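>>> Provide a 3D model corresponding to the input given below.
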Amino acid sequence: MRERLTSRKNPKIVSALSRVKEGNAFFAEGFHCVEMALSSGLAEEVYSLKEIACPGAGLYLVTPEIIEKLSGNKNPEGIIALCHKKEPQKELGERILFLDWVQDPGNVGAIMRSALAFSFSTIIFSEGSASPYNQKALMAGQGSIFSLNVIQGKGKPEDVVSSLKKDGYSILGSALHGASSLDEANIPNGKLCLILGNEGQGMRESLFPLCDQLLYIPISGIDSLNVAIAGSILMREISKSQGFNSL
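Presented below is the predicted three-dimensional model:
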């Protein structure tokens, strides 16, 4: 399908914006993310300033004004895909990341990008965490959303973590106090869940008793790290400890 749209009030554009606003779909922006959206089969429609190949999706050639209307970026690349959300997979994988009330979309996107890089295939978002489908999160995530198993609002954080423990996952929490240094930690083999907490308050106290280990990253000159940076360091060291020596 190839069609030219020239009005921002075109029913196709209005419908796309409405679906995204209602949370039933999301926009992937930029050539790299659109390419990943097409490869994943999640792209339904592509809005572009130029003609491109769009296997499995409809192509609409649009004006810069329409791209500006759809985009959450001040300097859009000129291509946006309307995508549907994939259903969460029941198989969670060996390494899970649990985000406990991580509120900044930029942090969420950066964390998703690192999770994919360090083989944490499932991310569970607690209620109150920023949506992984937020435009800022999607941009920061650089298309990682298309390869990760994303689970949102599964229940009370304590119930979710307890369920993971019953399923045989070791639970590691990131904390500044009462924790073991990452340099001296004994990272277990097998199934594992890492919990990252809120930017300002950290992991909620009710999750502490459920953790098999609490970890902190030794630093100097400042009292804490950004949650995305800390999470990336922890995920890298965990993957390395579990035998991913190529990372």
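>>> what segments of this structure are helices?
Per DSSP state H, the chain carries helices over the ranges 11-21, 31-40, 64-70, 105-117, 135-141, 157-166, 227-241.
>>> what sits up against the second one?
I take that to be helix 31-40. With Cβ atoms under 8 Å, 6 or more residues apart in numbering as the test, helix 31-40 has contacts from 28, 43, 46, 54-57, 77, 79-81, 83, 86, 138-139, 142-143, 146-147. Using the backbone N, CA and C atoms, a C-beta is placed for each residue, glycine as well.
>>> now the fourth one
Residues from elsewhere that reach helix 105-117, judged by Cβ under 8 Å, 6+ apart: 97, 99, 102, 121, 123, 125, 129-132, 134-142, 144-145, 147-148, 196, 199, 226-228, 231-232, 235-236, 247.
>>> can we see that at 7 Å?
Helix 105-117 is contacted from outside by 97, 99, 102, 123, 129-130, 132, 134, 136-142, 144-145, 147-148, 196, 199, 226-228, 231-232, 235, using Cβ atoms under 7 Å, 6 or more residues apart in numbering.
>>> contacting residues for the nearest residue to residue 116 once chain neighbours are set aside?
Closest residue to residue 116 apart from its sequence neighbours, by Cβ to Cβ, 6 or more residues apart in numbering: residue 144 at 4.2 Å. Neighbouring residues of residue 144 by Cβ under 7 Å, 6+ apart: 112-113, 116.
>>> follow-up on the earlier one: just the buried residues out of the contacts of helix 105-117, in PyMOL syntax.
Applying 16 or more other Cβ atoms under 10 Å to these, the buried members can be selected in PyMOL as follows:
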select buried, resi 97+99+102+123+129+130+132+134+136+137+138+139+140+141+142+144+145+148+196+227+228+231+232+235
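>>> quick one on the thing from earlier: quick one: the contacts of residue 144 as JSON lines, columns for pLDDT, neighbour count and distance to residue 34 too.
Output for the contacts of residue 144, formatted as JSON lines (pLDDT from 0 to 100; neighbours: other Cβ atoms under 10 Å; distance: Cβ to Cβ, whole Å):
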{"residue": "112", "pLDDT": "98", "neighbour count": "27", "distance to residue 34": "17"}
{"residue": "113", "pLDDT": "98", "neighbour count": "19", "distance to residue 34": "17"}
{"residue": "116", "pLDDT": "98", "neighbour count": "20", "distance to residue 34": "18"}
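>>> from the residues you listed, which is closest to residue 206?
Proximity of these to residue 206 (Cβ to Cβ) peaks at residue 112, which lies at 25.0 Å.
>>> and the closest one, how far from residue 234?
According to Cβ to Cβ, to the nearest Å, residue 112 and residue 234 sit 15 Å apart.
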